[in-house]
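>>> just need the structure, nothing else, for what follows:
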Amino acid sequence: MEWLTCIKSAIGYIEDHLTDICIVEEVAQHVHISPMYLQKGFQIMTGYTIGEYIRNRRLYNAALDIAGSADKIIDIAYKYGYETPESFTKAFTRYHDASPSDIRKNRYLIKAFHPLRISIVIQGGAKMDFSVKKMAGFKVIGFARNFSFDSSYADIPLFWDEVFKKYAQTLYSGNAPTNETEQAVIDNRIGEFGVCIDDIGENGQFRYMIAGKYMGGNVPEGMEIYELPDMEWARFRCIGPMPDSMQSVNTQIWKEWLPGNKEYELAGRYNIEWYSSAGNTTDADYQSEIWIPVTRKA
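Reported below is the predicted structural model:
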């Protein structure tokens, strides 16, 4: 499905199922795309995670129901997916800055949140620095952790900090490895890749690896191996200090390159961040890349 059509279809599906939809995977299944890709693109294009969008739309519609009917607040809470009146009142009051009883007395306190309408102007997608290459499958090894779609933007950098402080800061300062794990970090250049893998099958989560290309040998406790298949990859070059340069290119991919792309569409359930070992990540000429698996349109 063409990318812009995919996002519009996802919004339409959410609106049609606002009182019964509960997971990102259900929306992704409707538009035939990986939940990870859908969540990432949706957030970049709209400024909201899918969870935030559903929550805000429900709380707005709940306020309209409260103000426009005599239905019990507990029934309205259950209608919009809240298991207890207390959890509903807490979320409702936080969003509207007014309680359900306040809204029933004065509908002008309602904080509006209307359905999103997606329109886009393609400005620079064709001028992006990228190449499409067919690559043989390869294995990566590294540290993996599951992340929530809703909080991954904040949590993944903390994961990098944790791993860097524990291993890389010492090892890449020239100190010799002292155990099997440190040896694997050096031998496999762990930290060269950040790999997003959408294979968990759990509500609102995906797997992320701080990884390197697996060169063989033992797999220390606490590390994992993941095998990527033969694929065509669209590889987008990023120049400049991190994370701004990569975030800027990432936004261009989802807002400019994918919408209306006549040649390629998304494939697979993963994407890769590549980080150069040359230079400092704060340098103006630091190089990194974003790799996205694609397939040529029929």
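>>> how about the strands in this protein?
Assignment of strands within the chain using DSSP state E yields the ranges 130-135, 138-148, 193-197, 205-213, 224-228, 231-239, 264-266, 270-275, 287-296.
>>> between those strands, which one is closest to residue 64.
Checking the strands of the chain against residue 64 by CB to CB gives strand 138-148 as the closest, at 29.1 Å. All C-beta spots, glycine's among them, are computed from the backbone N, C-alpha and C.
>>> what angle do the closest one and strand 231-239 make?
70 degrees (axes from the mean of the first three to the mean of the last three CA atoms, to 10 degrees).
>>> can you pull the buried residues of strand 138-148?
140, 141, 142, 143, 144, 147, 148 (16 or more other CB atoms under 10 Å).
>>> ok, now which ones touch the fifth one?
Shown here is residue 144, whose contacts under the criterion CB atoms under 8 Å, 6 or more residues apart in numbering are 207, 208, 209, 210, 224, 226.
>>> which of those has the most neighbours?
residue 210 (27 neighbours; other CB atoms under 10 Å).
>>> bridged to it, which residues?
Residue 210 has the following beta-bridge partners by DSSP bridges: residue 143, residue 194.
>>> from memory residue 224 sits against residue 145, does it?
No - assessed by CB atoms under 8 Å, residue 224 is found out of contact with residue 145, at 10.0 Å.
>>> ok, the residue positioned nearest the centre of the chain - contacts?
Centroid-nearest residue in the chain, with CA atoms, centre = their mean: residue 40, separated by 3.6 Å. Neighbouring residues of residue 40 by CB under 8 Å, 6+ apart: residue 254.
>>> next one: residue 248
So residue 248 contacts 238, 240 (CB under 8 Å, 6+ apart).
>>> which member of the contacts of residue 144 is positioned nearest residue 105?
Distance ranking of those against residue 105, using CB to CB, places residue 208 first at 46.8 Å.
>>> the closest one touches residue 147, doesn't it?
Yes - at 5.4 Å, residue 208 counts as touching residue 147 under the criterion of CB under 8 Å.
>>> now list whatever residues contact both of the two.
Contact with both residue 208 and residue 147 is made by residues 156, 159, according to CB under 8 Å, 6+ apart.
>>> mind listing what's buried along stretch 230-243?
Result for stretch 230-243 [16+ other CB under 10 Å]: buried residues 231, 232, 233, 234, 235, 236, 238, 240, 242, 243.
>>> pLDDT added to the residues you listed, as JSON lines?
Formatted as JSON lines, those follow (pLDDT from 0 to 100):
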{"residue": "231", "pLDDT": "93"}
{"residue": "232", "pLDDT": "95"}
{"residue": "233", "pLDDT": "96"}
{"residue": "234", "pLDDT": "95"}
{"residue": "235", "pLDDT": "96"}
{"residue": "236", "pLDDT": "95"}
{"residue": "238", "pLDDT": "94"}
{"residue": "240", "pLDDT": "93"}
{"residue": "242", "pLDDT": "88"}
{"residue": "243", "pLDDT": "85"}
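>>> ok, of these, which one's closest to residue 294?
Nearest to residue 294, judged by CB to CB, of these is residue 234 at 4.8 Å.
>>> might one say that that closest one is in contact with residue 289?
No - applying CB under 8 Å, one finds residue 234 not in contact with residue 289, separated by 10.1 Å.
>>> how many other residues sit next to residue 39?
Applying other CB under 10 Å, we find 26 residues neighbouring residue 39.
>>> thought it was touching residue 46?
No - look at residue 39 against residue 46 with CB under 8 Å: they stay out of range, at 10.9 Å.
>>> pLDDT of the longest helix along the chain, averaged?
Ranked by residue count and defined by DSSP state H, the top helix of the chain is helix 50-68. For helix 50-68, mean pLDDT is 95.
>>> now it and strand 138-148, what's the angle there?
20 degrees.
>>> residue 37 touches residue 197, doesn't it?
No - Residue 37 is beyond contact range of residue 197, at 11.9 Å (criterion: CB under 8 Å).
>>> mind listing the shared neighbours of the two?
residue 269.
>>> ok so, going back, now, which of the buried residues of strand 138-148 sits nearest residue 50?
residue 148 (11.6 Å).
>>> OK, contacts around the closest one?
155, 204, 205.
>>> 6 Å - rerun?
Residue 148 makes contact with 204, 205 under the criterion CB atoms under 6 Å, 6 or more residues apart in numbering.
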